[in-house]
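In: Show me the folded form of this:
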Amino acid sequence: MDSMELSWGARCAGLAFFGFSLCLAALGVVLLLVRRWPWCSCHVCRAYLTGSWAREFTNLGDWYAHLLRQSPTGTVHVHVLGCTVTANPANVEYMLKTRFDNFPKGKPFAAILGDLLGNGIFNVDGEAWRHQRKMASLELGSVAVRSYAYKIIAKEVETRLMPVLDDAADRGTVLDLQDVFRRFAFDTICKISFGLDPCCLDKEMPVSELAEAFDTASRLSAMRGAAASPLLWTMKRFLNIGSERELKKAIKLVDELAAAMIRERQKLGVGGSHDLLSRFMASTGVDAHAAVDDKFLRDIVVSFLLAGRDTVSSALTTLFMLLSKKPDVAAAMRAEAGGGEKGAVTYEHLKALHYTHAVLYENMRLFPPVQFDSKFCAAADVLPDGTYVKGEARVMYHPYAMGRMPHIWGTEKDAFRPERWLTGPGASFVPANPYKYPVFQAGQRVCLGKELAVTEMKAVSVAVVRAFDVEVVGENGRSGGGGAPRFVPGLTASISGGLPVRVRRLHT
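Out: Numbers count the residues shown, from 1 in each chain. Okay, the predicted model is just below:
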């Protein structure tokens, strides 16, 4: 009897605590609305809170682009988020270069992504960032690493990607090309970064627990940043309910699988290995049997996955979505690369493909893999366009919107024109000012893996266009003829519903 009474009492206490917590959360929301709503009744904030922007625009990024085009300065305030959003290149340069130290990632950003990215290079500032940046720069700049990486990319294209597309062409089946590119990029980055092969792009298309958990964690972490107040997701995390409970499970699985990869790498040893994880371990004086900071290595693993998998697969997906509507561009790429010639393309050959390089950049102008990036203003500041930003406020620059600004790209801003990049001698590729095209960021945080990513995208796109005609089926092919694809909220751009295609072998 006593035990039953104790059990009942414990249950009542638990219910009381849960009820109290819900009341506290509700009170927090009420206080938030009371505090913000009176001075946040502008049409921008109301549209954001009510979601009414979706009546006219396919994606939140399209709505932001619309607002920024209407603004004389290319900058707007979204008060309900406590955020300044800009598409002004002068402001971007000021944040990323001129006043770099005053616009760090900041603690609020680190809190949003901290559960997933930990103290990895994308989520830290100051000395921790400089230390990881220096290490990554030394490794990614190494000729040995670049040679090692390209051999892996070329082999993955030849032995995995092309056979999958060949099989789809033979069968006449519809293939989700976004899924294929994700699997390809995941296998490739795991081999380059960890020296391990998850075999995601085998013909059987096996399910990867790590890839699925990583997708879930990325999507739900991005939802935190879109919340009107951090109170909303911090209370859900405290109560372990809803999206935060799902996020916790996904990150737990990511942690377990990352730990398994690290243990496997340690068993194999780091001596003489060219994969990035081994080189990081070796550069810190770690050998295969030493006690290491597994949390540090875990954060490196997750950072590499985010940088090397999602961005590359996103760019390749939108590229073939556009090429499906631009057969003349695909034909020009094919002619430049050597038509239907067989065999892998050499690294030197890829470097000489200026038109293909322009096609990749034009694709990422319209559909950057990372559509926006946030900084926090450490001390009150004034941006070059005259916008005042208070201390500890969030500032967002928006590459997706910047690719749609007439004052940056002219009246043909919406047109897919690779030729706009071929302004050098002999119609050679010339990059744009990085502050008007911050797809790879710019300044001190410019992407260290930029050259490797472009090489991988070139290798894939050239191999595919030389051998196949890719036709997008269904509504996700509409972007080439006007109208944007619908993107899933996430840290990187991902098309809702994938990219269904039919692949036809070219007869040459």
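In: ranges for the strands of the stretch 301-450 of the chain?
Out: 373-376, 381-382, 388-389, 394-397 (DSSP state E, counting those that start in this stretch).
In: For Glu348, find the nearest of those.
Out: Nearest to Glu348 among the strands of the stretch 301-450 of the chain is strand 373-376 (33.2 Å), distances taken as CB to CB. In this view, the C-beta of every residue, glycine as well, is placed from N, C-alpha and C.
In: on that earlier part again, which one of the strands of the stretch 301-450 of the chain is the most hemmed in?
Out: A comparison of the strands of the stretch 301-450 of the chain by mean neighbour count, using mean count of other CB atoms under 10 Å, puts strand 394-397 on top with a mean of 22.
In: Can you tell me which helices and strands it packs against?
Out: strand 83-86, helix 106-117, strand 373-376 (3 or more CB pairs under 8 Å, 6 or more residues apart in numbering; DSSP states H and E).
In: Deepest in the core, which of those is it.
Out: Of the helices and strands packed on strand 394-397, strand 83-86 is the most buried (mean count of other CB under 10 Å), at a mean of 23.
In: which residues are in contact with that one?
Out: With contacts defined as CB atoms under 8 Å, 6 or more residues apart in numbering, strand 83-86 is touched by 64, 67-68, 74-78, 92, 372, 374, 383, 385, 387, 389, 393-398, 401.
In: what pLDDT, on average, does the helix or strand just after that strand get?
Out: With elements assigned by DSSP states H and E, the helix or strand that comes after strand 83-86 is helix 89-93. For helix 89-93, the mean per-residue pLDDT is 98.
In: Restrict helix 89-93 to CA atoms and write it as CSV.
Out: Taking C-alpha atoms only, helix 89-93 is exported to CSV below (Å, rounded to 0.1, in the frame of the first residue of the first chain):
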residue,chain,number,x,y,z
PRO,A,89,27.7,44.6,-51.0
ALA,A,90,29.2,47.5,-49.1
ASN,A,91,27.6,46.3,-45.9
VAL,A,92,28.8,42.7,-46.5
GLU,A,93,32.4,43.9,-47.0
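In: returning to that earlier point: now, of the contacts of strand 83-86, which are buried?
Out: 64, 67-68, 74-78, 92, 372, 374, 383, 387, 389, 393-398, 401 (16 or more other CB atoms under 10 Å).
In: on that earlier part again, turn the strands of the stretch 301-450 of the chain into CSV, including distance to Ile300.
Out: Listed next are these as CSV, based on distance: least, CB to CB, whole Å:
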stretch, distance to Ile300
strand 373-376, 21
strand 381-382, 32
strand 388-389, 32
strand 394-397, 26
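In: Dump these into CSV; add mean pLDDT as well.
Out: What follows is the strands of the stretch 301-450 of the chain, written out as CSV (pLDDT from 0 to 100):
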stretch, mean pLDDT
strand 373-376, 93
strand 381-382, 97
strand 388-389, 96
strand 394-397, 95
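In: Isn't Phe440 up against Glu451?
Out: No. The pair Phe440 / Glu451 is not scored as a contact, 9.8 Å apart, by CB atoms under 8 Å.
In: The two: which is more packed in?
Out: Neighbours around Phe440 and Glu451, counted as other CB atoms under 10 Å, are more numerous at Phe440. The numbers are 22 against 15.
In: Ramachandran angles for the more buried one?
Out: phi -100, psi 30 (degrees, to the nearest 10).
In: can you check Ser494 too?
Out: Ser494 adopts backbone torsions of phi -140, psi 130, taken as degrees, to the nearest 10.
In: Specify the beta-bridge partners of it.
Out: When assigned by DSSP bridges, Ser494 has beta-bridge partners Val488.
In: residues in contact with it?
Out: Gln178, Asp310, Ser314, Phe487, Val488.
In: just for the stretch 301-450 of the chain, where's the confidence low?
Out: Counting by pLDDT under 70, the stretch 301-450 of the chain shows low-confidence ranges at 339-344.
In: if you set the cut-off to 90 instead, what comes out?
Out: Across the stretch 301-450 of the chain, residues meeting the criterion (pLDDT under 90) sit at 301-310, 338-347, 448-449.
In: cool, the stretch 101-250 of the chain as well?
Out: Residues of the stretch 101-250 of the chain meeting the criterion pLDDT under 90: 105-148, 190-240, 242-243.
In: just the helices in it please.
Out: 106-117, 126-140, 143-156, 162-171, 177-194, 209-226, 230-239, 242-268 (DSSP state H, counting those that start in this stretch).
In: Check the stretch 251-400 of the chain too.
Out: 276-283, 294-305, 311-323, 327-337, 347-351, 354-366, 399-402.
In: how about the fourth one: buried residues?
Out: Within helix 327-337, the residues that qualify as buried by neighbour count (16+ other CB under 10 Å) are Val329, Ala330, Ala332, Met333, Arg334, Glu336, Ala337.
In: Any idea how many residues pack against Asp197?
Out: 13.
In: Could you do the one 4 residues further on as well?
Out: Other residues lying near Leu201 total 24 when counted by other CB under 10 Å.
In: what do you get for Ser496?
Out: Ser496: 13 neighbours (other CB under 10 Å).
In: Next, the contact list for it, please.
Out: Taking CB under 8 Å, 6+ apart, one finds Pro485, Arg486, Phe487, Val488 in contact with Ser496.
In: Are any of the residues you listed buried, and if so which?
Out: With burial judged by 16+ other CB under 10 Å, the buried subset of the contacts of Ser496 is Pro485, Phe487, Val488.
In: From those, pick the one nearest Cys45.
Out: Phe487 (22.3 Å).
In: what's near enough to touch the closest one?
Out: If a contact means CB under 8 Å, 6+ apart, then Phe487 has Asn59, Gly61, Gln371, Ala493, Ser494, Ile495, Ser496 as its contacts.
In: Counting neighbours, which of those comes out on top?
Out: Going by other CB under 10 Å, Ala493 tops the contacts of Phe487 with 25 neighbours.
In: Can you verify my assumption that it contacts Thr318?
Out: Yes. Under the contact definition of CB under 8 Å, Ala493 touches Thr318, with a separation of 7.3 Å.
In: shared neighbours, those two?
Out: Common neighbours of Ala493 and Thr318, counting by CB under 8 Å, 6+ apart, are Phe367.
In: Surely Pro489 is in contact with Ala227?
Out: No. Under the criterion of CB under 8 Å, Pro489 makes no contact with Ala227, lying 11.3 Å away.
In: Overlap in contacts, the two.
Out: Between them, Pro489 and Ala227 share no contacting residue, judged by CB under 8 Å, 6+ apart.
In: Now do the same contact list for the closest residue to Leu323 other than its chain neighbours.
Out: Computed as CB to CB, 6 or more residues apart in numbering, the closest residue to Leu323 that is not its neighbour in sequence is Ala330, at 4.7 Å. Ala330 sits next to Leu323, Val465, Asp469, Val470 when contact means CB under 8 Å, 6+ apart.
In: again, but for Phe468
Out: Leu165, Ala169, Val503, Arg504, Arg505, Leu506.
In: and with 6 Å instead?
Out: Leu165, Val503 (CB atoms under 6 Å, 6 or more residues apart in numbering).
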